[in-house]
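Asks: make a model of this:
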Amino acid sequence: MKKTQAESDVNLLRALEVFMAVADSRHVTAAAATLGMTQSAVSQQLKKLEWALDAPLFNRSRRPLELTHAGEILRRRAFRILSEVEDLRSELRYLQSSSMPILRVALLASIATTLTPGLLDMVRSGLGIPELSLSAGLATDHQAALNARSIDIAITSDPQFDLTDYDCTPILEEPFFLVLPSNYDGPTNDIHAISERLSMVRFSADAPVGRRTDQHLQRCRLDLPRSMEADRASMVVAGVITGKCFAILTPSLLIDAIAEGMALRIAPLPFAGFKRSIVAISRAGQLGDIPAKVAQESGRLMRQSFERLMPQAAGSVIYPS
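Replies: Predicted coordinates:
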């Protein structure tokens, strides 16, 4: 069937937005209300999009609406297309603004909850930046995000990549502790005696803290029985509170669990200790004193949380003078 000019003339981006709203709600009426459009306008956008793509996108004989096979394919592609467009808009606003409109910060997942409220207040009130974009993940995620220029600052641990083009501002240095179930009643000064009663739950080797722990245990000639590995501190702690495992963690890796009231016993390591550092990394010379202020505030927030929630470990954490 030959398409008329009105049917062929479609604003593709707007039509994709309309399509996604209908695909999410499965109702034209609900999508129209969400978009602030009339039901007939939504239906017309869908009709134009189907004409443009030469494929039916919904099975209109079913209620709620069902996506056709073509509709399912478009939904996956449209999500990526609209995300790319929004990223482009954000990046252009960022480049064209005379002042920074948004600060993009990546955080270690284990301290994201602790730092988020305070960083939001500081960035908006102290730095005068209207918007803060936060993401959480592993240190390896931060390296990729910095290299891709999708973040401005990474609050991360022990970076293992070339820092030639980056500024690195220290936030704190923290020791590792022995973490035991609260009901453990055995010795805490003999790792072999502990290992006879509990197995070790550890970070996976893919996580930088997991590699660091494994390397230290190898240096100490310790081969400890293990029952579980994970790539998030919350999962490692969950293994400990089963009462069957112990872990080796730092205060920042424990902060969320302690804040949530998980019953744990924290003791010094019964063998040679080791530490990790948390730093703020940014591209060299591009943000003025903003990274230093973010690092300083992050350290203040972490110290405050450690002293309130883990006084037995707080004194062992070192902050830059």
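Asks: you'd agree residue 163 is in a strand?
Replies: No - assignment of residue 163 by DSSP: H, G, I helix; E, B strand; the rest coil gives coil, placing it outside any strand.
Asks: what is the burial count for it?
Replies: Residues lying near residue 163 (other Cβ atoms under 10 Å) number 13. (C-beta placed from N, C-alpha, C; glycine too.)
Asks: so it sits right up against residue 280, yeah?
Replies: No - with contact defined as Cβ atoms under 8 Å, residue 163 does not count as touching residue 280 (12.0 Å).
Asks: now list whatever residues contact both of those two.
Replies: Shared contacts of residue 163 and residue 280, defined by Cβ atoms under 8 Å, 6 or more residues apart in numbering, are absent.
Asks: OK, contacts around residue 253?
Replies: The contact partners of residue 253, by Cβ under 8 Å, 6+ apart, come to 110, 209, 233, 236.
Asks: now, the residues you listed that are in strands?
Replies: Among these, no residue falls in strands (DSSP state E).
Asks: what would those residues look like in a markdown table with pLDDT and neighbour count?
Replies: Below are the contacts of residue 253 laid out as a markdown table (pLDDT from 0 to 100; neighbours: other Cβ atoms under 10 Å):
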| residue | pLDDT | neighbour count |
| --- | --- | --- |
| 110 | 90 | 26 |
| 209 | 88 | 26 |
| 233 | 88 | 24 |
| 236 | 92 | 29 |
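Asks: where does pLDDT dip in the stretch 151-300 of the chain?
Replies: Screening the stretch 151-300 of the chain residue by residue with the criterion pLDDT under 70, one finds no matching range.
Asks: so residue 37 lies in a helix, does it not?
Replies: No - the assignment for residue 37, made by three-state DSSP, is coil rather than a helix.
Asks: please list all residues in contact with it.
Replies: Contacts were defined as Cβ under 8 Å, 6+ apart; by that measure residue 37 touches residue 18.
Asks: can you list the low-confidence ranges for the stretch 1-150 of the chain?
Replies: In the prediction, the stretch 1-150 of the chain carries residues with pLDDT under 70 at positions 1-10, 90-91, 93-99.
Asks: would you list every one of the helices in it?
Replies: 5-8, 12-25, 28-35, 39-53, 69-96, 112-121, 139-147 (DSSP state H, counting those that start in this stretch).
Asks: buried sites along the last one?
Replies: Which is helix 139-147. If you call a residue buried by 16 or more other Cβ atoms under 10 Å, then helix 139-147 has these buried ones: 139-143, 145-146.
Asks: which elements pack onto it?
Replies: Helix 139-147 sits against strand 102-108, strand 131-137, strand 153-157, helix 208-219, strand 275-283, with contacts defined as 3 or more Cβ pairs under 8 Å, 6 or more residues apart in numbering; DSSP states H and E.
Asks: can you add distance to residue 45 and give the ones you listed back as a markdown table?
Replies: As requested, these are arranged in a markdown table below (distance: least, Cβ to Cβ, whole Å):
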| stretch | distance to residue 45 |
| --- | --- |
| strand 102-108 | 30 |
| strand 131-137 | 30 |
| strand 153-157 | 40 |
| helix 208-219 | 48 |
| strand 275-283 | 41 |
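Asks: contact partners for the residue nearest the centre of the chain?
Replies: The centre of the chain sits closest to residue 136, judged by Cα atoms, centre = their mean, with a distance of 1.6 Å. By Cβ under 8 Å, 6+ apart, the contact list for residue 136 reads 106-109, 112.
Asks: change it to 7 Å
Replies: Shown in contact with residue 136 (Cβ atoms under 7 Å, 6 or more residues apart in numbering): 107, 109, 112.
Asks: report the beta-bridge partners for it.
Replies: Residue 136 forms beta bridges with residue 107, as assigned by DSSP bridges.
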